[in-house]
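Engineer: would you be able to build a 3D model of this:
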Amino acid sequence: MPMEMRNWTTVQEFTLEGFPAIQHLGKVLFFVHLLAYLASIAGNVVIVTVTCADSRLHTPMYFFLSIFSFLECCFISAVIPKLLLIFLLGKQTISFLACFIQAFVFVFVGATGFLLIAVMSLDRYVAICKPLHYPTIMNLKTCFLLVTACLALAFPLITGLVVTVSQLSFCGPDIIPHFFCDLGPLIHLSCSDTRSIEMLAFVLTSFILLTSLIITTIAYSNIVVTVLRLPSAKEKQKAFSTCSSHLIVLSLMYGSCVFIYVKPKQTNRLESNREAALVNTVVTPLLNPVIYTLRNKQVHQALRETMCRMKITR
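Structural biologist: Next comes the predicted model:
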């Protein structure tokens, strides 16, 4: 029988283990994660809405931030709703197809997000280090091309990887030691020879994460050098305050993802991967709206004016 047929006849569904050690706190954890999920969605939706509604925010920086916020909504929505069901109802099973759809959405949106972070870092580099050329370099056409490039690079790489993993033979066990369908635990469950797939996953994830990290590091290093040359101490403090806030979120995102994915053997540290993934899927999406824009006075003003207009129309 072909391998593809065995996939569908031997394993029809998987069981997500979740967090068995604290499953007795299911209802408490449900409310905590529900509040975090709703807060993340609300914060990111506010960013997208205000950016679209206020013409003063129709700039490259806020264009990229709104796209990033939309990706964050997709990213957490691929994982958290199922986790809430596990906590509240104990529904840990997920079909073979749904599992790989979840894995694809999670990895694709995550990869696109990291590439977009590199683009956002380049945008800040041009704005701070090349201010006179900024309007010419970062025009609307360039912004669309950069976002399209992120999607165009991530889609074939992640699609190829997920399809390849889905073609492996899964003949049991079917318990995924995670709270969502991630590729590492899925590869570990396969009864095929997975050495080449593990190396492929390692190379692709390393390429995306490290490329994004290197570009971001170079961009921010140049920004720091430029800021240090500013004559005013107040300007330096303001610039460093903004950069430090961004770097906190970037450190959480890159740190957790490099810890999870940039290692050849996905069988190692599956237990600790779960905690790192929780930071990546719950904590950083909650912090991103606050760090990137909700602390911004321009966004505050646009939000107040938008709410005032809504009250007037009522």
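Engineer: outside of the helix or strand containing residue 67, which residues touch it?
Structural biologist: Using DSSP states H and E, the element containing residue 67 is helix 60-77. Contact partners of helix 60-77, identified using C-beta atoms under 8 Å, 6 or more residues apart in numbering, comprise 37, 40-41, 43-45, 47-48, 51-52, 105-106, 109-110, 112-113, 116-117, 119-120, 123-124, 127, 138, 142-143, 146-147, 281-282, 285, 288-289, 292-293. (C-beta placed from N, C-alpha, C; glycine too.)
Engineer: for stretch 207-225, same thing?
Structural biologist: Under C-beta under 8 Å, 6+ apart, the answer for stretch 207-225 is 111, 114-115, 117-118, 121-122, 124-125, 128-129, 154, 157, 239, 243, 247, 250, 254, 257-258, 261-262.
Engineer: out of these, which end up buried?
Structural biologist: Buried members of these, scored by 16 or more other C-beta atoms under 10 Å, are 111, 114-115, 117-118, 121-122, 124-125, 128, 154, 157, 239, 243, 250, 254, 257-258, 261.
Engineer: helices - which of the contacts of stretch 207-225 land there?
Structural biologist: Cross-referencing those against helices under DSSP state H gives 111, 114-115, 117-118, 121-122, 124-125, 128-129, 154, 157, 239, 243, 247, 250, 254, 257-258, 261.
Engineer: so residue 14 sits in a strand?
Structural biologist: Yes. Using DSSP: H, G, I helix; E, B strand; the rest coil, the assignment for residue 14 is a strand.
Engineer: contacting residues for it?
Structural biologist: The contact partners of residue 14, by C-beta under 8 Å, 6+ apart, come to 93-94, 96, 99, 174-176, 181, 189.
Engineer: beta-bridge partners for it, please?
Structural biologist: residue 94 (DSSP bridges).
Engineer: from residue 188, how far out is it?
Structural biologist: Distance, residue 14 to residue 188, using C-beta to C-beta, to the nearest Å: 12 Å.
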